[in-house]
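In: Below are the sequence and a predicted model; questions follow.
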Amino acid sequence: MSEESYDAIVIGAGFGGSSCAGLLAKRGLKVLLTEKNNVAGGKAMSLAKNGFRYTAWVVIGAPVDGNLYQVVLDELEVGDLADLVVPEGAGSIYRTPAGKYVRMPKTSSEKLDPGVIFDWLEIPEESRDAALQFFANMTLMPPDQVGGLRGTSFADFVDAAGIPPALHAFIVSLCCDGMFMVPVDTLDAAEAVTSLQAIFTRGGGIFCKGGYGRVAEACCEAVRRYGSEVLMGSRVKRILVEDGRVGGVETDKGTFRAPIVISNAGIQPTVLKLVGAEHFDKSYANYVRDLVPSYALIGHRYFLSRPVTDAPFGVIFSDGSPWTLDRFNRACAGEASRQGVLYYEVPSNYDPEGAPEGKQMLMTGSFCPPDPNLSAEELQAWACVGEEALFGAFPDLEAAIESKDFYTARSVSNATRDSVVPGAGGETIGLGQIVGQCGDQKPSIRAPICGLFYVGCDAGGSGIGTQQALESGMKVADEVERYHRLHRRATS
Ligand SMILES: Cc1cc2nc3c(=O)[nH]c(=O)nc-3n(C[C@H](O)[C@H](O)[C@H](O)COP(=O)(O)OP(=O)(O)OC[C@H]3O[C@@H](n4cnc5c(N)ncnc54)[C@H](O)[C@@H]3O)c2cc1C
């Protein structure tokens, strides 16, 4: 059995793990990046099928200006391996109270223009000044005031503004539901306002040709170019702990030793499965067990005989879309409508090689619980409300379907993190960015075992999914480099 030694081992080549491994390799550490799948990218991996290429599910990047995909790619000098694109003309669709589906007018810039939005959402003239004031206050709020919102729910913040229902649905469902995948009355207001400021001032809607997985694949290539190693198709079964410090990992391809292990596998699988709760103080293990994940997306990939839309992506929503915790729980119990917001993406409308000539693939996502063990009936109940909204917005679509793939929380869990806590594993983001789990109350990137770090959406970052994971990758790389310098020991 191999017993090779490294300065650091990174478990998982998601956006957090691959960026962190690339940065550490560039800074001269001898790194092993080990990934259980045969492709990098985790929750934003790329897939290809029958001449179509795409991110595995709807993944909309934001903000555009100063996005961390480009920052990391440039830092690692692999910008040529991932082609980012900002398509014109998002295709968001508002379902009016009268049941009409109305597409947002095209604007010349990807940045949001309140006047255009107010017209589209039929905001009455008499409410526009207050609505504009709300937009301005939120967008220009200084950082210390935003910080003061920490611990307040976004529902409390937005409800206090008394904005019209359509604008409320726009802010909550079009923007926040998808960015955070948690009910608005649990969402941390500081986290939400920071991200809304970013998309309103720096744009939203950036993609990668060939799927977002290309960004993580480029980071893996950087690991190799800087002289370190990537081991794909290699699952870590156990993180070795000796005398309260990590010693390496045991994988299905051998045992590898390092004084530093950085886990992108999720904090709950890392603590409760890969290390084992017995190695932690009981209260820490219980704290980890109690952490609350984001919700999941469920949806389809529709492979179409002909193009049905020119929109690269969009959101279908109505005044009734916003999720509250109570409505979600009642929907789970079958006592309230499961209809929420629906996201869609059409890769060939921003990537000329996204589909074979004359064809189109449109994929969707709508809320469902993160439990990978939902019954077939429950899955069907969550999925069919999404189809209802989609076919309402695109009446020509159903007749153009040649085949469709269905993905669920189980698909996401199988492709990314193990389910080790009942009801969790298929979450879209990672830990929910809810009151009590953000800012200072987010888990530390350092575990209470020497040499063990977490990277990815569960620790070290903030903001929207993929950006959050990259921010964590950068911060963890800084922290681990410092730790390595202070605790350097000879490796062989
Ligand atoms: C359906 C869906 C839609 C989304 N939409 C958006 C969006 O619109 N915009 C956006 O920015 N974000 C979106 N996200 C969220 C975003 O993709 C994630 O938040 C982000 O990619 C998570 O990155 P990560 O590094 O934290 O972890 P992950 O992506 O979960 O990566 C973890 C990696 O670790 C590997 N791993 C786990 N356990 C082991 C083990 N034991 N051994 C070896 N390897 C292991 C996994 O295979 C995986 O590759 C979406 C996610 C999903 C699922």
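Out: Good, I have the coordinates. Numbering: from 1, shown residues only.
In: Kindly report the residues of the stretch 101-250 of the chain close to the ligand.
Out: 178, 235-236 (CB under 6 Å from any ligand atom). For glycine as for every other residue, the C-beta is placed from the backbone atoms N, C-alpha and C.
In: can you put these in a markdown table and add distance to Thr324, neighbour count and pLDDT?
Out: Converted to a markdown table, these look like this (distance: CB to CB, whole Å; neighbours: other CB atoms under 10 Å; pLDDT from 0 to 100):
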| residue | distance to Thr324 | neighbour count | pLDDT |
| --- | --- | --- | --- |
| Gly178 | 16 | 23 | 90 |
| Arg235 | 38 | 16 | 98 |
| Val236 | 38 | 27 | 98 |
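In: List just the nearest of those to Ala389.
Out: Using CB to CB, Gly178 comes nearest to Ala389 of those, at 14.0 Å.
In: Against Leu24, how distant is that closest one?
Out: Using CB to CB, to the nearest Å, we find Gly178 at a distance of 31 Å from Leu24.
In: before we move on, what about Arg482?
Out: Distance from Arg482 to Leu24, by CB to CB: 11 Å.
In: Comparing these two, which residue is more hemmed in?
Out: Per other CB atoms under 10 Å, whichever of Arg482 and Leu24 has more neighbours is Leu24, with 28 against 10.
In: OK, contacts around that one?
Out: By CB atoms under 8 Å, 6 or more residues apart in numbering, the residues touching Leu24 are 7-8, 10, 31, 228, 477, 480-481.
In: Now rank those by neighbours and give me the top one.
Out: Most surrounded of the contacts of Leu24: other CB under 10 Å gives Val10, at 37 neighbours.
In: how about the nearest residue to that one once chain neighbours are set aside, what does it touch?
Out: Distances taken as CB to CB, 6 or more residues apart in numbering put Ala21 closest to Val10, at 4.2 Å, once the chain neighbours are dropped. Ala21 makes contacts with 10, 13, 31, 33, 219-220, 223, 228, 230, 262, as judged by CB under 8 Å, 6+ apart.
In: same deal with Ile449?
Out: The contact partners of Ile449, taken as CB under 8 Å, 6+ apart, are 241, 244-246, 275, 279-280.
In: just those residues: which has the poorest pLDDT?
Out: Of all the contacts of Ile449, Gly244 carries the smallest pLDDT score, 93.
In: Which other helices and strands does the longest helix anywhere in the chain contact?
Out: Longest helix in the chain, counting residues (DSSP state H): helix 465-487. Helix 465-487 sits against helix 15-26, helix 68-75, strand 452-454, with contacts defined as 3 or more CB pairs under 8 Å, 6 or more residues apart in numbering; DSSP states H and E.
In: and with 6 Å instead?
Out: Packing partners of helix 465-487 (3 or more CB pairs under 6 Å, 6 or more residues apart in numbering; DSSP states H and E): helix 15-26, helix 68-75.
In: which other residues reach it?
Out: Helix 465-487 is touched from outside by 7, 15-16, 19-20, 23-24, 27, 29, 44, 68, 72, 260, 429, 445, 453, 455-457, 460-462, with contacts defined as CB atoms under 6 Å, 6 or more residues apart in numbering.
In: can you redo the contacts of Leu24 as CSV with pLDDT?
Out: Shown next, in CSV, are these (pLDDT from 0 to 100):
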residue, pLDDT
Asp7, 97
Ala8, 98
Val10, 98
Val31, 98
Ser228, 98
Ala477, 98
Val480, 98
Glu481, 98
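In: for those residues, which one is nearest the ligand?
Out: When the contacts of Leu24 are compared for distance to the ligand (CB to the nearest ligand atom), Val10 wins out at 9.2 Å.
In: related to what we said a few turns ago, ok and the longest helix of the chain relative to helix 15-26, angle-wise?
Out: 40 degrees (axes from the mean of the first three to the mean of the last three CA atoms, to 10 degrees).
In: And helix 465-487, what's buried?
Out: By neighbour count on 16 or more other CB atoms under 10 Å, the buried set for helix 465-487 is 465-477, 479-481, 483-484.
In: What's the end-to-end length of stretch 42-49?
Out: End-to-end distance of stretch 42-49 (CA to CA, to the nearest Å): 18 Å.
In: Mind checking what helix or strand follows the lowest-mean-pLDDT helix or strand in the chain in sequence?
Out: Lowest mean confidence among the helices and strands of the chain (mean pLDDT, DSSP states H and E): helix 114-120, at a mean of 88. Sequence order places helix 125-140 as the next helix or strand after helix 114-120, per DSSP states H and E.
In: residues in contact with that next one?
Out: The contact list for helix 125-140, computed with CB under 6 Å, 6+ apart, reads 114, 118, 123, 161, 163-164, 167, 193, 197, 200.
In: Okay, Val385 and the ligand: tell me how far apart.
Out: For Val385, the distance to the ligand equals 17 Å [CB to the nearest ligand atom, to the nearest Å].
In: Neighbours of that residue, how many?
Out: Residues within reach of Val385, counting by other CB under 10 Å, total 19.
In: Ok, Val308 next?
Out: Neighbours of Val308 under the rule other CB under 10 Å: 19.
In: give the contact list for it.
Out: 394, 396-397, 400 are the contacts of Val308 under CB under 6 Å, 6+ apart.
In: run the last query once more with 8 Å
Out: By CB under 8 Å, 6+ apart, Val308 lies in contact with 360, 362, 394, 396-397, 400.
In: Select from these the one having the most neighbours.
Out: Leu362 (28 neighbours).
In: any idea how far the ligand is from that residue?
Out: 15 Å.
In: For that residue, give me its contacts.
Out: 301-302, 304, 308-309, 344-346, 394, 397.
In: Got phi/psi on the residue nearest to Arg235 when sequence neighbours are not counted?
Out: In space, and not counting its chain neighbours, Arg235 is closest to Lys36: 3.9 Å by CB to CB, 6+ apart. The phi/psi pair for Lys36 (degrees, to the nearest 10) reads phi -70, psi -30.
In: Run through the residues that contact Lys36.
Out: Contacts for Lys36 (CB under 8 Å, 6+ apart) come out as 12, 233-236.
In: and if we set it to 10 Å?
Out: Listed by CB atoms under 10 Å, 6 or more residues apart in numbering, the contact partners of Lys36 are 11-13, 42, 231-237, 251-252, 265, 415-416, 418.
In: quick one: the strands in the stretch 201-350 of the chain?
Out: Along the stretch 201-350 of the chain, counting by DSSP state E, counting those that start in this stretch, strands occupy 207-208, 229-231, 236-242, 245-251, 254-257, 261-263, 296-304, 313-318, 342-345.
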